[in-house]
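1. Pasted the sequence and its predicted model underneath.
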Amino acid sequence: MDYIFLQNYWWFLVSLLGALLVFLLFVQGGNSLLFTLGRTHEERTMLVNSTGRKWEFTFTTLVTFGGAFFASFPLFYSTSFGGAYWLWMIILFTFVLQAVSYEFQSKLGNILGKRTYQWFLVINGVVGPLLLGGAVATFFTGSNFLVNKGNMGNELMPVISSWANGWHGLDALTNPWNLVLGFAVLFLARILGNLYFINNIRDKELIPHCRRQLITDTIPFLILFLAFVIHTLLSDGFAVSPDTQEVYMEPYKYFMNFIDMPVLLVLFLIGVVGVLFGIGKSVFSKTSTNGIWFAGIGTVLTVLALLLCVGYNNTAYYPSTADLQSSLTLANSCSSEFTLRVMAYVSVLVPFVLAYIVYAWRAIDRKPITAQELEKDGHTY
Amino acid sequence: MFENIDTSLIDWSRAQFALTAMYHWLFVPLTLGLAMIMGLMETFYVVTGKEFWKRTAKFWMKLFGINFAVGVATGLILEFEFGTNWSNYSWFVGDIFGAPLAIEGILAFFMEATFIAVMFFGWNKVSKRFHLASTWLTGIGATLSAWWILVANAWMQYPVGMAFNPETVRNEMVDFAAVALSPMAVAKFFHTVLSGWVLGAVFVVGVSCWYLLRKREIEFAKASIKVAAVFGLAASLIVAWTGDISGVQVAKVQPMKMAAAEGLQEGGNGMPFTVVGDIKIPKMLSILATHDIDGYVPGINNLLEGGYQTPEGTIALSAQEKIERGQKAIAALDAFRKAQKEGNKEAASVARRTLDENVAYFGYGYIKDPAHLVPPVGLTFWSFRIMVGLGGYFILFFIVVLVLSRKDKLKDAGWLQKLALWTIPLGYIAGQAGWVVAEVGRQPWAIQDMLPVGAAISKLQTSSVQITFFIFLILFTIMLIAEINIMVKAIKKGPEAIKGE
């Protein structure tokens, strides 16, 4: 395991966590549909309790994604979070609202009332995926920041990373392509939310409604997602010279990355087909309930391929439009070889963690949610 | 242009972090404490098969769940604030500091998140034993996460296992075991986590006494008190013991914090401990700080002026000398990078040597005035007394509760029932005071001797941080009020309500 290998290995793990996070945004996507799908009190109770048994996985994956990114690429952590302050803060605010909303909404004495907490879930459901998608899009479109490690040698102003404008991350929303990917991720999350409900709930009224809603969300998703992918493949990309570490613009960089790394191309295509197959299966067969697994695995593969494409093959994964040479690459932003190696040993435990998650998930989901079950259960939201 | 860091930005960044950390610590200790207590109760249920214990465990789990959600919400913010508000810190020591945070996520948070779902939703879905295991794993996950975050915090107080690398301009980890098993981390873990257990016990005893006061749920209350008081007494004794260990460590590696906690201007040998005002215990401070009746404890002035003999046998530098050496280190770093850019190997190696000689004082180079090296004395002094005083009180409290409980006199001891109820807020105050000593007492350092808070921040407009500060303040306060209100309602409803579920 040499240094370069470790850098790539950790980019893979961070990308995998990111990909899993996008899949787990089915919780948010599902919540964004709370008042669209749930027309009665009973229906909303089923929806909330369905995502309510999974939200901690999404939340924990978000936290772990942050922690792993911090440990393996600390310069990204400092530059992006400290620079694109408002973008990340708004994302975090909505997740704070979400965290208490399940537990509090049906409890006596919750002060704000059930409706308010349900609206918190909707806000997080819309804003979370939208802004997370927008933030990921900046990996391709670039951000407005400067990095100078030499500043540490300046006693008066030792701060290394700075944002080059006063918008502190909100500027990302002025680039339409960031919004295109943001909305694509939002609609994808809603698709996954529908598919998850179809898998998790048994109800004669609600589930057909989910299948119809699936079509409504798929159309804008496909348009936005394809537009972003085609635009990105045709754009100039941020390339790094392996010899001088100099960053420069290269035409069709991301397209060429897929050609240079055909495995990614295969992953990407399998992923997209998986998502479409999962959707199609659930729309055309009225009894099919396992579409979430095809679309879920498809989502993970697609996002993984995109994130690997933006980091591997001498590409600057967090490019700066203010100063090209400030762009972050795997090599200039990663932790030391020692730390990456120690962390790599720890990562051996990941399959074990995944195994108990799957085991516990299956134990809880053995019986689908029904209106009757929720009446009997002691811990209903 | 001659740029300078705005001190109000530093203050607001600190205020925001303090706000988040203090709110977080309102919820975490109860999570840690209740997790153990309900684990014990469910174990009694599985062993004895008595429905009574199941109902009892379920009641405390209900309160656990209400509290847990807010702990999660505040914890999320805390983790990301290292990036959003302390970005320079995140680069300068992220190589060491990030690892415990990542491990915390991978090993602890997933365990917590997975098994808490089984604990709440699995009663009718999994076997008794699997459910019991899930309850314990939820608690173990929470405790493991505390381990890793306290490793990270202990490292800031006592940085070990790293070396400065001028090529990357940061500190890099060279010894993982030294970081993960640092003696400061071990003491801090037991002191902090067990203080959470004490709070959990205080909470259970207090709530149960409320039922006794109302002459409700007598059996439930008496059984809960018995379990919690034994548990609480054991925990509070260990908290006192590890507190003593921490004291010696702090005296050694953060003598300024010790001096501030004592309000000690002029130090010396065989120093007395000031209780309050003029009440002093002879030689006690020397015993606490050095475990030696005549041990030398430096005061604030001694630390600023230097010249005394350190425990390692060297003569202490003055603050001014440390600042000069820090400035030398920073200038050498600058020279090193310039020489490297120009390809001047000789100049680079000269600069490197100067840097290595002075790097132990690196952080002092950013300090503009020796007076800035003194933390707020009054706040540290009083918080320390509140923490220690309450710690002693809890030991006494649990002993009295246990004695009366054994004699079965609790039911009629109205005064104690009231006292127990009022002890609950004291449990929270003790924990907050402890963190104030630990964190305010180490100012101005983000990382002891290596990086002052002023050089650790993100370059933002002060107004941005002010806005987020107030958003958090409002959000967290509403959440806290809602939480307390829900909790009170659930307690008033009582464990009887669980029966039908």
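-> It's in. Residues are numbered from 1 along each chain as shown, chains lettered A, B, ... in the order given.

2. now the helices for the stretch 251-400 of chain B?
-> B:255-262, B:284-290, B:300-305, B:319-341, B:345-358, B:377-406 (DSSP state H, counting those that start in this stretch).

3. Likewise for the stretch 151-300 of chain A?
-> A:176-200, A:206-234, A:253-260, A:262-284, A:291-311.

4. interface residues of the stretch 251-381 of chain A facing chain B?
-> A:335-336, A:338-339, A:342-343, A:346-347, A:349-350, A:353, A:356-357, A:360-361, A:363-364, A:366-367, A:377-379 (CB under 8 Å from any CB of the partner chain). C-beta coordinates here come from the backbone N, C-alpha and C atoms, glycine included.

5. re earlier: just send the helices of the stretch 251-400 of chain B back as CSV, with mean neighbour count, distance to A:Y196 and mean pLDDT too.
-> CSV is the format used below for the helices of the stretch 251-400 of chain B (neighbours: other CB atoms under 10 Å in any protein chain shown; distance: least, CB to CB, whole Å; pLDDT from 0 to 100):
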stretch, mean neighbour count, distance to A:Y196, mean pLDDT
helix B:255-262, 26, 51, 96
helix B:284-290, 22, 57, 93
helix B:300-305, 19, 60, 96
helix B:319-341, 20, 52, 95
helix B:345-358, 16, 55, 96
helix B:377-406, 19, 47, 97
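
6. out of those, nearest to B:A73?
-> Shortest distance between B:A73 and the helices of the stretch 251-400 of chain B, using CB to CB, is found for helix B:377-406: 25.8 Å.

7. what helices or strands is that closest one leaning on?
-> Counting contacts by 3 or more CB pairs under 8 Å, 6 or more residues apart in numbering or on different chains; DSSP states H and E, helix B:377-406 packs against helix B:183-213, helix B:218-253, helix B:255-262, helix B:414-440.

8. With mean pLDDT and mean neighbour count added, can I get the helices of the stretch 151-300 of chain A in a markdown table?
-> Converted to a markdown table, those look like this (pLDDT from 0 to 100; neighbours: other CB atoms under 10 Å in any protein chain shown):
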| stretch | mean pLDDT | mean neighbour count |
| --- | --- | --- |
| helix A:176-200 | 98 | 25 |
| helix A:206-234 | 97 | 17 |
| helix A:253-260 | 97 | 19 |
| helix A:262-284 | 97 | 18 |
| helix A:291-311 | 98 | 24 |
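
9. Count the neighbours of B:T310 for me.
-> 14 (other CB atoms under 10 Å in any protein chain shown).

10. which residues in the stretch 51-200 of chain A form strands?
-> Along the stretch 51-200 of chain A, the segments classed as strands by DSSP state E, counting those that start in this stretch run A:145-147, A:161-163.

11. Please disregard the earlier target; I meant the stretch 1-150 of chain B.
-> Remark: no strands are assigned in the stretch 1-150 of chain B by DSSP E, counting those that start in this stretch.

12. what about it, any weak spots by pLDDT?
-> Applying pLDDT under 70 to the stretch 1-150 of chain B flags residues B:1-3.

13. do the stretch 151-300 of chain B as well
-> Residues of the stretch 151-300 of chain B that meet the cut-off, pLDDT under 70, do not exist.

14. can you pull the contacts of whichever residue of the stretch 101-250 of chain B sits closest to chain A?
-> Closest residue of the stretch 101-250 of chain B to chain A, CB to the nearest CB: B:G105 (3.2 Å). Going by CB atoms under 8 Å, 6 or more residues apart in numbering or on different chains, B:G105 touches A:60, A:63-68.

15. let's go with 6 Å and repeat that
-> A:63-64, A:67 (CB atoms under 6 Å, 6 or more residues apart in numbering or on different chains).

16. How about A:G83?
-> Taking CB under 6 Å, 6+ apart, one finds A:145, A:161, A:163 in contact with A:G83.

17. what about B:N344, distance to chain A?
-> Separation of B:N344 from chain A (CB to the nearest CB, to the nearest Å): 16 Å.

18. And the average pLDDT for stretch B:450-470 is what?
-> For stretch B:450-470, mean pLDDT is 95.

19. Run through who's touching it.
-> A:82, A:85, A:89, A:158-159, A:162, B:5-6, B:8-10, B:12-13, B:15-16, B:85-89, B:92, B:159, B:362-363, B:366, B:444-446.

20. With stretch A:52-63 instead?
-> So stretch A:52-63 is contacted by A:20-21, A:24, A:27, A:102, A:364, A:381, B:105, B:109-110, B:113, B:117, B:121 (CB under 6 Å, 6+ apart).

21. among the residues you listed, which two are most distant?
-> Longest span within those, CB to CB: A:Y381 and B:G105, 25.2 Å.

22. wait, A:L75 sits on A:C334?
-> No. A:L75 is beyond contact range of A:C334, at 7.8 Å (criterion: CB atoms under 6 Å).

23. Distance from the lengthiest helix in chain B to the middle of the chain?
-> What stands out as the longest helix in chain B, according to DSSP state H, is helix B:7-48. On the basis of CA atoms, centre = their mean, to the nearest Å, helix B:7-48 is displaced by 10 Å from the centre of the chain it belongs to.

24. What's the local residue count around the residue in the stretch 101-250 of chain A that chain B sits nearest to?
-> Here the residue of the stretch 101-250 of chain A nearest chain B is A:G153; by CB to the nearest CB that distance is 3.1 Å. Neighbour count of A:G153, defined by other CB under 10 Å: 21.

25. if I look at it, how far off is B:G94?
-> As for A:G153, its distance to B:G94 is 19 Å (criterion: CB to CB, to the nearest Å).

26. Repeat that for B:I474.
-> Taking CB to CB, one finds B:I474 at 31 Å from B:G94.

27. quick one, which of those two is more surrounded?
-> B:G94 (29 against 10).

28. Look up the closest residue to that one, ignoring the ones flanking it.
-> Spatial nearest neighbour of B:G94, chain neighbours left out: A:P74 (2.7 Å); criterion: CB to CB, 6 or more residues apart in numbering or on different chains.

29. That neighbour contacts B:V93, correct?
-> No. Between A:P74 and B:V93 there is no contact under CB under 6 Å: 8.4 Å.

30. still on that earlier bit, including distance to B:A235, could the helices of the stretch 251-400 of chain B go into CSV?
-> Below are these laid out as CSV (distance: least, CB to CB, whole Å):
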stretch, distance to B:A235
helix B:255-262, 23
helix B:284-290, 21
helix B:300-305, 34
helix B:319-341, 39
helix B:345-358, 44
helix B:377-406, 9
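
31. before we move on, the earlier item: output the helices and strands packed on helix B:377-406 in JSON lines, with distance to A:S327 appended to each entry.
-> Output for the helices and strands packed on helix B:377-406, formatted as JSON lines (distance: least, CB to CB, whole Å):
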{"stretch": "helix B:183-213", "distance to A:S327": "36"}
{"stretch": "helix B:218-253", "distance to A:S327": "39"}
{"stretch": "helix B:255-262", "distance to A:S327": "41"}
{"stretch": "helix B:414-440", "distance to A:S327": "36"}
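
32. phi, psi of B:P452?
-> The phi/psi pair for B:P452 (degrees, to the nearest 10) reads phi -80, psi 160.

33. That one: how many residues sit nearby?
-> By other CB under 10 Å, 24 other residues sit near B:P452.

34. cool, the one 5 residues further on as well?
-> Neighbourhood size, B:I457 [other CB under 10 Å]: 24.

35. Give me the three-state assignment for it.
-> coil (DSSP: H, G, I helix; E, B strand; the rest coil).

36. A:F139 against A:G311, yeah?
-> No. With contact defined as CB under 6 Å, A:F139 does not count as touching A:G311 (8.3 Å).

37. contacting residues for A:V96?
-> B:A73.

38. how about the nearest residue to the residue nearest to the spatial centre of chain B, chain neighbours excluded?
-> Centroid-nearest residue in chain B, with CA atoms, centre = their mean: B:W435, separated by 5.2 Å. Excluding its sequence neighbours, the residue lying closest to B:W435 (CB to CB, 6+ apart) is B:W25, at 5.9 Å.
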